[in-house]
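Peer 1: Predicted model and sequence follow; I will ask about them next.
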Amino acid sequence: MSHIFYEESGQFKAAQIIQKNDATYQADTQHGKRVKIKANNVFFEFDGSMDDFMQTAQNESADMDTELLWECVGEDEFTFQAAAQEYFGGSPSKIQQAATLIALYAAPMYFHKKSKGTFKAAPEDVLKQALAAIERKAQQEAQMQTWADALVSGSLPDEIATELPQILHAPDKQSLAYKAFHKAADALKMSAYELAKHTGGITSVPQYLLQRFEIKYFPRGTGFPQIDVPALPENLPVANVQAFSIDDLSTTEVDDALSVQDLGGGVKRVGIHIAAPALGIQAAGAMEDIVLQRLSTVYFPANKITMLPENWVAAFSLDEGKTMPAFSIYFDVDADFQLSEPESRIELVPIATNLRIQNIEPFFNSDTGTGSADNPQFPHHAECLYLLELAQALQKQRDRLPDPTLPKKYDYGIDFDENNKVIITRRERGSPIDTLVSEMMILANTSWAKLLHEQELGGLFRVQPSGRVRMSTHSEPHIGMNVAHYGWFTSPLRRACDYINQKQLQAALNRSEPRFGKNDSDLFVAMNNFDTTYNAYRAFQEQMESYWAMVWLQQENVREINAVLLKDDLVRLEGVPLVARATGIPMEIAPKTVIKLSITEVNSEQQFMALKYKNVVPSAMPVMVDEVDEP
């Protein structure tokens, strides 16, 4: 019974001949399937058992010495029959020919196929390179397996530890370390984060999130190069004021301070003083490059990554007891709280006191009152009372007085006690301190934005002619604040936007060449970069706060919580800085409604929580959740 030995898709097969013509064979395969085989794919015909033939040929091929075969065939092209003759000697059998053909195909580095059944031995130098590559690959596979085994056992090889941040957050998927890490993760059926924690490379979710953030936004690290602060102008006038700032206890970048002078006749002069890094940062210099790369200070619970290095913050922060360079704006305010035209100066300002909110709030709040100037409870208490009255008058002039019938709104923060227990801090939005500070900053920001607009200088403005607030390089109204001009000027130590505007303001006051022309493409680039990056930094802060909020809910074993319905199933929880989704909310419940939710599950490790609707809170009024721009 005749059979054929042939190749199909790189595999060698045998089949029983049923019918044969010049171009094709009709044949039955070893598995009994009737097939048509092109004659060009057939190497030869043979007699006997197909199964025995194939098994014997494969066994014979496995026993062949590839290096000896390579030496036998010489340097010229050869056929498989000739190779079999050289290797086996005499007239090789059909099985030996088949074995040789299988061996030639199995060693493509040794034998280069030229045509059907014809080959050429690889040159010696090429073969050595190929074999060296195989050896390297084998060594790499062995190393990768060693690392993977160590990871599975819970240890972290030094080579993996060095690359772990990149493996987790910006992987080179061709690296051996990455492949070993994911081989171990697959073996343990763990996520990359879980394996990193299993091996001690990551200790917590916050560390993981911070590492991911820094890899993306600070790939060269969060440290600063050493850049000395230049000497500041010595000929600046000294302001005849005793200024004071109001900040959180944790604030190290004191950007702004206030002053009040009594001019008599019911008129007071109010000063707003802003730290002046623009005086020391040179245009297109090394420090400006850093500002335009970092774009903002990054805040997250109990920590921050500053925009400026420590020595530059110290050089310009409006710290207590120092006389500091500042951009000041003054208003003379009459007894009816009508303001004169502003007067802006670059000057040295004596900073008498850094008030801290936590220290003064017990004596200056909406619950127990703001006290009396006749019985001051802290330095500058009388000035704060006056500035609060002025702030409320300014709100009225902007038609932005808060509605006293609406429930109070709060901003929440995360802190930790000495035992690392999570503490949720709460600050009333629109409290006396918040109103005082924010209105003074709005006053400075609107006035200086107007100044840049009138002098036709470019800047980074906050505009809202309609819809949502956005950035722009030219001034437009801000309907949310009900002002004609608005920009950020008052936080130049922590926001690049404010620094850029201060640099423009410096040119306006000194009547010098501005840092950016009105249609300067660099200004548009800076605007887009700042807007994108600032929003990303805020999103990171919110993500970190959400994690710690979940930890607090677990810590306090909270089972029910009120929330404001934002839209659909999205809710903002009360008492914690956390937005999440809830199930079971009836479709007829309107947004801004306060509802009660059951907390059925909280897993801070997986950043997951399950909330279920219970009922509308009967006594609660709809809560305003409109967009609020920063001062």
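Peer 2: Here it is on my side, so go on. Numbering: from 1, shown residues only.
Peer 1: and the residue nearest to Asp262 when sequence neighbours are not counted, what does it touch?
Peer 2: Spatial nearest neighbour of Asp262, chain neighbours left out: Lys268 (5.6 Å); criterion: C-beta to C-beta, 6 or more residues apart in numbering. Yep, even glycine has a C-beta here, placed from its N, CA and C like the rest. For Lys268, the contacting residues are 260-262, 332-333, 386, by C-beta atoms under 8 Å, 6 or more residues apart in numbering.
Peer 1: do Tyr534 as well
Peer 2: 295-296, 495, 497.
Peer 1: sorry, back to before: buried only: go through the contacts of Lys268 for me.
Peer 2: Buried members of these, scored by 16 or more other C-beta atoms under 10 Å, are 260-261, 332-333, 386.
Peer 1: how does this protein divide into domains?
Peer 2: 2-122, 136-203, 243-537, 557-616 (automatic domain parsing).
Peer 1: residue ranges for the helices of the stretch 101-250 of the chain, please.
Peer 2: 124-153, 158-169, 176-188, 192-198, 205-217 (DSSP state H, counting those that start in this stretch).
Peer 1: what about Pro577, neighbour count?
Peer 2: By other C-beta atoms under 10 Å, 23 other residues sit near Pro577.
Peer 1: Tell me the pLDDT of the closest residue in space to His453 that isn't next to it in sequence.
Peer 2: Leaving aside its sequence neighbours, His453 sits nearest to Ser475 (C-beta to C-beta, 6+ apart; 4.1 Å). Per-residue pLDDT puts Ser475 at 94.
Peer 1: How much space separates Glu288 from Leu523?
Peer 2: 13 Å (C-beta to C-beta, to the nearest Å).
Peer 1: Could you do Thr162 as well?
Peer 2: 41 Å.
Peer 1: what's the pLDDT at Arg429?
Peer 2: 88.
Peer 1: Could you pull up phi and psi at the nearest residue to Arg495 once chain neighbours are set aside?
Peer 2: In space, Arg495 comes closest to Ser296 once its chain neighbours are excluded; the distance is 5.2 Å by C-beta to C-beta, 6+ apart. When read as degrees, to the nearest 10, the backbone of Ser296 gives phi -170, psi 160.
Peer 1: residue contacts, Asn106?
Peer 2: Let me fix one detail, which is that residue 106 is Ala and not Asn. Applying C-beta under 8 Å, 6+ apart, the residues near Ala106 are 61, 66.
Peer 1: what about 10 Å?
Peer 2: 61-62, 64, 66 (C-beta atoms under 10 Å, 6 or more residues apart in numbering).
Peer 1: before we move on, what about Ala335?
Peer 2: 265-268.
Peer 1: possible to save those residues as a markdown table with pLDDT, distance to Ala170 and secondary structure?
Peer 2: Compiled in a markdown table, these are given as follows (pLDDT from 0 to 100; distance: C-beta to C-beta, whole Å; DSSP: H, G, I helix; E, B strand; the rest coil):
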| residue | pLDDT | distance to Ala170 | secondary structure |
| --- | --- | --- | --- |
| Gly265 | 92 | 65 | coil |
| Gly266 | 93 | 63 | coil |
| Val267 | 96 | 60 | strand |
| Lys268 | 97 | 56 | strand |
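Peer 1: before we move on, which element is Ser438 in?
Peer 2: In the assignment (DSSP states H and E), Ser438 maps to helix 432-454.
Peer 1: Show me the contact partners of the next helix or strand after that helix.
Peer 2: Downstream of helix 432-454, the first helix or strand assigned by DSSP H and E is strand 461-463. Here strand 461-463 makes contact (C-beta under 10 Å, 6+ apart) with 445, 449, 452-453, 469-481, 483, 485-488, 497, 501, 527, 629-630.
Peer 1: 6 Å instead?
Peer 2: The contact list for strand 461-463 (C-beta atoms under 6 Å, 6 or more residues apart in numbering) reads 449, 469, 472, 475-476, 478, 486-487, 629.
Peer 1: can you check stretch 526-533 too?
Peer 2: 295, 460, 471, 473, 496-497.
Peer 1: Please verify my assumption that Leu523 contacts Gly458.
Peer 2: Yes - contact criterion C-beta atoms under 6 Å: Leu523 and Gly458 qualify, at 5.2 Å.
Peer 1: Give me the below-cutoff pLDDT ranges for this protein.
Peer 2: 620-628 (pLDDT under 70).
Peer 1: Spatially central residue in it, please.
Peer 2: Central residue of the chain (C-alpha atoms, centre = their mean): Phe213, 4.1 Å from the mean position.
Peer 1: what's across from Lys120 in the sheet?
Peer 2: His112 (DSSP bridges).
Peer 1: Any idea which of the helices of the stretch 101-250 of the chain gets closest to Phe337?
Peer 2: Closest approach to Phe337 among those (C-beta to C-beta): helix 205-217, 43.8 Å.
Peer 1: list the helices and strands the closest one packs on?
Peer 2: helix 158-169 (3 or more C-beta pairs under 6 Å, 6 or more residues apart in numbering; DSSP states H and E).
Peer 1: circling back: what comes up buried for the helix holding Ser438?
Peer 2: 432-453.
Peer 1: the strands in the stretch 451-600 of the chain, which residues?
Peer 2: Assigned by DSSP state E, counting those that start in this stretch, the strands in the stretch 451-600 of the chain fall at 461-463, 470-472, 560-567, 570-573, 579-583, 594-603.
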